[in-house]
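Participant: Compute the structure for the input listed below.
(one chain, ligands or ions: 3)
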Amino acid sequence: MKSISAVFATSSQVKRQQLQFNEQTGLIHAFGDLSIPQDKIDFYFNDDCLAFAGMGDIHIHAREDVSQKHLYKEDFQSAGLAAINGGVTHVCDMPNNPIPPIDDESYLAKLKLTEKSLVSFLLYAGIGPQTRPLKLKVPYKAYMGPSIGELFFKNDQELDEVLSHYRSQWVSFHCEDPVELEKHKTEATHHERRPVECEILATKTALRLIEKYNLQGKLCHYSSGEGLKMINQARARGVKVQCEVTPQHLYFSQDQLSDVERGFFQMNPPIRFEYDRHTLLEAAKRGEIEFLATDHAPHSKEEKEKGTSGLTGLDSYGAFVTWLLVDQKFTPERIALMCAENPGAFVNQFLNELSAHYPPFKKLGLGFGFLRSGFMANVTVLNLKSPYKLEAKDLRTKVGHGPFVGVTFPGRVEQVFVQGIAQK
Ligand code: DOR
Ligand code: ZN
Ligand code: ZN
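Facilitator: Numbering: from 1, shown residues only. Ligands and ions are numbered 1, 2, ... in the order given. Presented below is the predicted three-dimensional model:
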């Protein structure tokens, strides 16, 4: 048995407590005021640090699939190293691969490849014009319009027909309306070709379909302030919809980017304007956005120079969280929800049934995100009093670049425990 003493933050309290875990099973034994004598504590973190249940990023693109075509961008191992570097202990991977996981067989074949990673992976299965639900209970991803990859819809009718087969399933949406995208395709800049109207229209459609087919909906990498109003109205009438936001949409806006940066910062949905950034920050602070998720989407430097959409984010997750805590005054309780408990709860609902078909999941106990007996002994410790300028050499993603290179954060990742093992 090993133990940690730290100021731990959960959604209900912030307090110096002790965590005891079994390093063989990698599971938590006990958490609370355990009266373990000081000299018997294995890992002590001073009051400059704040410890959370292991943080989880439920939206990444690790690029590995059975085709192995995109390993030059990232693979499950390098994505795992970037995650740990950023204080992230478990992730969920998106299906827009050369060979997308769209049925039980291709899903399990891709899952098998994740075993070389130090962090745990859950996979989304893809929804496309020809797909049907898996027998396995899994989360799904639908690209409402074209982004990266071949799995997307051309209009709402096509999406509506396919989703009619996915009643009551967990479906995450990339919200950019394909017809509206088409209308703007000759505009001068990337963000003008994919304006907020695309997201707002797609949000309307997604909310309508979530309600119509009783889906457990999630809107990915939400970027427009206006759209949030519709989401809140839908929630008020009982529509089950959650929301992700990325660090880059909370930190950057088109107004601040230089022309050189603008090209590199290209992603879908694009970085927006100050109004959107502020509205998203305030909404996240109030708890209207459930997940901080990076949309870690590595592309090589050459691809970025040619104008490929996607930004990395795993390496800077924890440092970015210190900015939310220290500079933006997010409460530790709110961060515990957005970065640990909500991501944990999202993943945990699939683990039990999936473990019957995928035995490695049996080792995950009750799962992630909670400092309770039987859950994974995953812990993210942030030092809030240790300013740190992120440099490219600090990144572990294969592509070696990221939007926060050059940014000074108020703190950094002090330590990460994955399955009871200290990683630093
Ligand atoms: O910018 C993006 N990149 N948006 C997406 O929807 C996909 C992602 C990728 O896979 O690179
Ligand atoms: Zn997306
Ligand atoms: Zn994505």
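
Participant: Can you tell me the SS state at residue 249?
Facilitator: helix (DSSP: H, G, I helix; E, B strand; the rest coil).

Participant: hmm, I was thinking of residue 221
Facilitator: Three-state call for residue 221 (three-state DSSP): coil.

Participant: Run through the helices of the protein in chain order.
Facilitator: 76-85, 104-113, 156-163, 178-183, 190-193, 196-212, 225-236, 247-251, 259-264, 274-286, 301-305, 317-326, 332-335, 342-355 (DSSP state H).

Participant: contacting residues around the longest one?
Facilitator: Contacts made with helix 196-212 from outside it, assessed by CB atoms under 8 Å, 6 or more residues apart in numbering, are listed as 144-145, 156, 159-160, 163, 171, 173, 175-177, 179-181, 184, 215, 217, 219, 222-224, 226-227, 230-231, 234, 237, 239-241, 269, 272, 276. In short, each C-beta sits where N, CA and C put it, glycine included.

Participant: From those, list just the buried residues.
Facilitator: Neighbour-count burial (16 or more other CB atoms under 10 Å) is assigned, among these, to 144-145, 156, 159, 163, 171, 173, 175-177, 180-181, 215, 217, 219, 222-224, 227, 230-231, 234, 239, 241, 269, 272, 276.

Participant: Could you restrict those residues to the ones contacting ligand 1?
Facilitator: The overlap between these and the neighbours of ligand 1 (CB under 6 Å from any ligand atom) is empty.

Participant: For the nearest residue to residue 40 once chain neighbours are set aside, which residues count as its bridge partners?
Facilitator: Using CB to CB, 6 or more residues apart in numbering and skipping residues adjacent in sequence, the residue nearest residue 40 is residue 3, 6.9 Å away. Going by DSSP bridges, residue 3 is paired in beta bridges with residue 20.

Participant: didn't residue 3 look like it was pressed against residue 38?
Facilitator: No: if you go by CB atoms under 8 Å, residue 3 and residue 38 don't touch, sitting 10.5 Å apart.

Participant: quick one, what contacts residue 298?
Facilitator: 61, 63, 73-74, 310, 312, 397-399.

Participant: so who does residue 339 touch?
Facilitator: Applying CB under 8 Å, 6+ apart, the residues contacting residue 339 are 52, 55-56, 292, 317, 321, 380.

Participant: still on that earlier bit, switch the helices of the chain over to TSV; also include distance to residue 403 and mean pLDDT.
Facilitator: Listed next are the helices of the chain as TSV, based on distance: least, CB to CB, whole Å; pLDDT from 0 to 100:
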stretch	distance to residue 403	mean pLDDT
helix 76-85	14	98
helix 104-113	27	98
helix 156-163	30	96
helix 178-183	23	96
helix 190-193	14	96
helix 196-212	19	98
helix 225-236	20	98
helix 247-251	5	98
helix 259-264	8	89
helix 274-286	14	98
helix 301-305	11	97
helix 317-326	10	99
helix 332-335	20	98
helix 342-355	21	98
